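> Turn this into a structure:
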Amino acid sequence: MAPELRVKAPGRINIIGDHTDYNMGFVLPAAIDKYTYFACSRNHSDHISITSGNYNETLKLAPDIKEIASGGWQKYIEAITLILREKGYQFQGYNMLMGSDIPIGSGVSSSAALTCGVIFCINELFDLNISKTDIALMAQQAEIRIGLNCGLMDQYAVIQGKIDHCLFLDCQSLEFDMLPADFQECSIVLINSNISHDLAESEYNHRRQDVEKGISILQQKHPEIASPRDVSLNMLENAREILDEPGQRRISFVLEENERVLKTCEALKASNLALVGQLMNESHRGLSTKYEVSCPELDFLAGFAQSKTYVLGSRMMGGGFGGCTINLVKEGFEEQLIRESSVAYQSSLEKTATAFTVGLGEGIVQI
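Coordinates of the predicted model:
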């Protein structure tokens, strides 16, 4: 029997602006042309059955689910189900089959594609009238529920993405603009370090705590400060006596990264891809040395790419501690970068990199 509903939800890249979303800053993500696919139907019972084609596993949920009891991809489904029930949404049982060509653990937000996609499907199957904004917010809450205190960048890119556009998002007001992204004779190549990262168990949450602690200290002198957006570099410099060194560096990075996002938007509008690449390189240095969310493997891959004349810019992307670098590469040199990076990575670190080229795709949609 044919499914009632088919949906695809994209992964995302982020041109620039990492770790600024939960700091009420600016980000510049885009949906990509790699997707998680869902096929689902109501089953006229109270039970939920979801099968992952990638893992060849099935999760079965009773209607009275009370807690998150699973790990892996299943914990996201349980978190979503709990959140929807807690918010009073009424829906019955359904069967779902899902599969994905989004590389897992590579920093292109397969988890946001999963959470947004499942909520979108439930919304459509049972006519719940959940807005796109609320789908994004509940998908974020699901990630937080399982231990990752993330921002809204990934979910907004998945929900609002548009072909050949980046999404300039103000994470404080949640206002956004779709920015045409003409990369001219360049391609976006992602090189996966194949260093797995479980951000909920990493230093990701600690970085957020460093910033929050720093802001609370700054508020002693400047009670008008509500978030890093209200801090100036001058304020930061004058607070060296009361602010610890990690807090100083973390907040400094956020302020500088926000400025880089704004400059990148203007550079894209002016078709100045050389400047876009330069800002990407600066972003990586800040993420590595100030926010300290890189790792030796990502530093190697970014540094190697930056040394090549056919690469305009390279930076780590996503939460960090593993995953991918994003590279702006002159058209025709994609395979050369992939080949040379892989050989150098194996030779220097005795590790295997994988790579793929992406285009800017559409946001979540029925198919």
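> low-scoring stretches of the protein, by residue?
Scanning the chain for pLDDT under 70 picks out the ranges 1, 105, 197-202.
> Looking at it, which helix is longest?
helix 245-269 (DSSP state H).
> What residues of that one count as buried?
Under the neighbour-count criterion of 16 or more other Cβ atoms under 10 Å, helix 245-269 has 246-258, 260-265, 267-268 buried. Using the backbone N, CA and C atoms, a C-beta is placed for each residue, glycine as well.
> Tell me which helix or strand the most centrally placed residue in the chain sits in.
Centroid check for the chain by Cα atoms, centre = their mean gives Asp154 as the closest residue, at 4.1 Å. If you go by DSSP states H and E, Asp154 is part of helix 153-160.
> what's that helix packed up against?
Applying 3 or more Cβ pairs under 8 Å, 6 or more residues apart in numbering; DSSP states H and E, we find helix 153-160 packed against strand 5-16, strand 26-42, helix 110-125, helix 132-145, strand 165-170, strand 176-180.
> Save the ones you listed as CSV, and put in distance to Glu224 and mean neighbour count too.
Converted to CSV, these look like this (distance: least, Cβ to Cβ, whole Å; neighbours: other Cβ atoms under 10 Å):
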stretch, distance to Glu224, mean neighbour count
strand 5-16, 28, 26
strand 26-42, 21, 23
helix 110-125, 33, 25
helix 132-145, 27, 21
strand 165-170, 19, 22
strand 176-180, 26, 14
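> Now these in TSV, please, with extra columns for distance to Glu350.
As requested, the helices and strands packed on helix 153-160 are arranged in TSV below (distance: least, Cβ to Cβ, whole Å):
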stretch	distance to Glu350
strand 5-16	28
strand 26-42	28
helix 110-125	27
helix 132-145	33
strand 165-170	36
strand 176-180	40
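> Go through those and name the closest to Gly53.
Smallest distance to Gly53 across those (Cβ to Cβ): 8.7 Å, for strand 26-42.
> That closest one vs strand 5-16, what angle?
Going by axes from the mean of the first three to the mean of the last three Cα atoms, to 10 degrees, strand 26-42 is angled at 170 degrees with respect to strand 5-16.
> Who are the packing partners of strand 26-42?
Right, strand 26-42 is packed against strand 5-16, strand 94-100, helix 110-125, helix 153-160, strand 165-170, helix 245-269, strand 354-358 by 3+ Cβ pairs under 8 Å, 6+ apart.
> what pairs with the helix or strand following the shortest one, and is each one parallel or antiparallel?
Right, the one you point to is strand 354-358. Moving toward the C-terminus from strand 354-358, the next helix or strand (DSSP H and E) is strand 365-366. Sheet pairing of strand 365-366 (DSSP bridges) gives strand 5-16 (antiparallel).
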